[in-house]
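> Just a sequence and a predicted model for now, questions to come.
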Amino acid sequence: MSELNKIALKIISNGKGILATDESTGTMTKRLESVQVPSTSENRQSFREILFSSSSMKNCIGGVILYDETIKQVSKSKKNIPELIAETGAVPGIKVDTGAKVLSNSINEKITEGLDGLRERLKEYYKLGARFTKWRAVYIISEKYPSKLSVHSNAHALARYAALVQESGMVPIVEPEVLMDGDHNVEVCFKRTSEIIKKCFEELVFHKVELNGTILKPNMILPGTNSSQKIDNKEIAEMTIKCLKESVPAEVPGIAFLSGGQSERDATKNLNLINIHNNTNFIMTYSYGRALQQSALKFWSKNIKDVENTQKIFNHRANMNSLAAQGKWTEEIDKV
C-alpha cells in the first residue's frame, strides 16, 4: 500500500467523509450575508472553528478542505487550523484551483485556472500541514454543451493538477462537477457525466497519476433543476452507481460525492441509497459543504455566541451522513 493510498483511505474509510469548508471569501460572504452576518475574517474563522472543534469530527469527518485564508489562520486556542483539525484524527486539505473562468472560443463554458505557480504553492501548503487537495471543474448541460473543447480542456487541467499534487506528497481530489442547472432529464445527465469522467481518467492515466492515491468527487446522476421529470431516490442511486461502475477504473479507492445544490435531507437520503445498492468495490461517501453546514449556519446567525447548540446541529448532520455512508440511515433517526 502506497503512502498516498493510505492517506486516501484514512479520509474516506469507516463511515467518514469530507467536510468542505473551502468556500472562497466571495462565496462565504454571500452565505453569511444571506443569514444577516457581516462577512469579516473573524466571523468566517469563528464559524468554521466551531465546526472543527465539534465532537462529530472524531468519528464522522475524515478530511477537511480548507481555503487559502483558513489554512493560515490560528485558532482561539493558539493552534494553527491544520493542527486543530489533525488533532481530531481528520486530514487537513486545501482547495488549490483559482476558480472557473470563461473558456476561450466557448464563452458560455468555463475552464478552471490555477496551474501557474502551483508547484510552489503546493510546497507551502504541505509545510502548513495539508495532505490532500481539491480542484473543481464545472460543466453545463444543454443541447450544445458540454462541448468537446470543455470536456478535453478541463480533463487535461485536472490531470496536470493531480500529477503535481502527487509529486508534492499529497492526495488529489478530482472534482468534475456537472451542474444541476437546466431542464435536461436524468438520462442526459448520465450520458454527459459518463463522458466527462471517462475523459478525466483517460487524461489522469496519460499523465501517469497513481489512481489508488486519488479520490473522485463527482455529482450524483440527477435531472436538471428545471426538468419536469419525476424520479425516485432509488433510481437516482442505481443510475449513479451504474455510471461510476462503467466510468471509474477499479484502482480508485473511493468516491466522495458533492451535494451540488441538493437539500440537506436529499443529499443524505441519496447517499444512503447509493450505499445500500452499492455493488462495486468503491467506498462511497460524502464531500459536502452546504449539506453539512447550512442548518448550523442558520442557527448560529441568530446568536453567534451559542457555540454548544450550533455544534449540536452540525453534529447531527455529520452523524446522519456518516450513517448514510454505511447504508444505515433512516428517516426516523433523522428527526430533530
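Now that the structure is in, tell me what you want to look at. Numbers count the residues shown, from 1 in each chain.
> can I assume E177 is in contact with M220?
No - E177 is beyond contact range of M220, at 10.7 Å (criterion: Cβ atoms under 8 Å). Yep, even glycine has a C-beta here, placed from its N, CA and C like the rest.
> Between the two, which is the more surrounded one?
The neighbour count for E177 versus M220, taken as other Cβ atoms under 10 Å, is higher for M220 (27 against 18).
> May I have the phi/psi pair for the more buried one?
Backbone geometry at M220, expressed as degrees, to the nearest 10, gives phi -80, psi 160.
> show me the contacts for it.
For M220, the contacting residues are 236, 240, 257, 260, 262, 270, 274, by Cβ atoms under 8 Å, 6 or more residues apart in numbering.
> Over to I65?
18-22, 93-95, 134, 173, 287.
> how much space between the residue nearest the centre of the chain and I173?
Closest residue to the average C-alpha location of the chain: S287 at 3.7 Å, with Cα atoms, centre = their mean. Distance of S287 to I173, computed by Cβ to Cβ, to the nearest Å: 7 Å.
> got any residues that touch both of the two?
With Cβ under 8 Å, 6+ apart as the test, S287 and I173 both reach 18, 65, 217, 256.
> what number of residues lie near the closest residue to G99 other than its chain neighbours?
Among residues not flanking G99 along the chain, E113 sits closest, at 6.4 Å (Cβ to Cβ, 6 or more residues apart in numbering). For E113, the neighbour count with other Cβ under 10 Å is 12.
> pLDDT wise, what is T27 at?
What the model reports as pLDDT for T27 is 84.
> For the helix or strand that contains it, which helices and strands make contact with it?
Assigning secondary structure by DSSP states H and E places T27 in helix 25-34. Here helix 25-34 touches helix 41-52, helix 290-302, going by 3 or more Cβ pairs under 8 Å, 6 or more residues apart in numbering; DSSP states H and E.
> May I see those organised as CSV, with distance to R192 and mean pLDDT added?
Converted to CSV, the helices and strands packed on helix 25-34 look like this (distance: least, Cβ to Cβ, whole Å; pLDDT from 0 to 100):
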stretch, distance to R192, mean pLDDT
helix 41-52, 33, 92
helix 290-302, 23, 93
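> Would you mind giving those helices as CSV with distance to G327 and mean neighbour count added?
Shown next, in CSV, are those (distance: least, Cβ to Cβ, whole Å; neighbours: other Cβ atoms under 10 Å):
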stretch, distance to G327, mean neighbour count
helix 41-52, 25, 19
helix 290-302, 18, 20
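> can you redo these as TSV with distance to V35?
TSV is the format used below for the helices and strands packed on helix 25-34 (distance: least, Cβ to Cβ, whole Å):
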stretch	distance to V35
helix 41-52	10
helix 290-302	4
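> Would you tell me which of those helices gets closest to T193?
Of all the helices and strands packed on helix 25-34, the one in closest proximity to T193, counting by Cβ to Cβ, is helix 290-302 (18.9 Å).
> okay, the angle between the closest one and helix 25-34?
Interaxial angle, helix 290-302 versus helix 25-34 (axes from the mean of the first three to the mean of the last three Cα atoms, to 10 degrees): 50 degrees.
> Now the following helix or strand past helix 290-302 - C-alpha only, PDB.
Following helix 290-302 in sequence order, the next helix or strand is helix 307-324 (DSSP H and E). Extracted in PDB, the C-alpha atoms of helix 307-324 (Å, rounded to 0.1, in the frame of the first residue of the first chain):
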ATOM      1  CA  VAL A 307     -21.400  27.500  20.300                       C
ATOM      2  CA  GLU A 308     -22.900  24.500  22.000                       C
ATOM      3  CA  ASN A 309     -26.200  24.400  20.200                       C
ATOM      4  CA  THR A 310     -24.600  25.300  16.800                       C
ATOM      5  CA  GLN A 311     -22.300  22.300  17.300                       C
ATOM      6  CA  LYS A 312     -25.300  20.000  18.200                       C
ATOM      7  CA  ILE A 313     -26.900  20.900  14.900                       C
ATOM      8  CA  PHE A 314     -23.700  20.300  13.000                       C
ATOM      9  CA  ASN A 315     -23.000  17.000  14.900                       C
ATOM     10  CA  HIS A 316     -26.500  15.700  13.900                       C
ATOM     11  CA  ARG A 317     -25.900  16.300  10.200                       C
ATOM     12  CA  ALA A 318     -22.400  14.800  10.300                       C
ATOM     13  CA  ASN A 319     -23.800  11.700  12.200                       C
ATOM     14  CA  MET A 320     -26.600  11.300   9.700                       C
ATOM     15  CA  ASN A 321     -24.200  11.500   6.700                       C
ATOM     16  CA  SER A 322     -21.800   9.100   8.400                       C
ATOM     17  CA  LEU A 323     -24.700   6.600   8.800                       C
ATOM     18  CA  ALA A 324     -25.700   7.200   5.100                       C
END
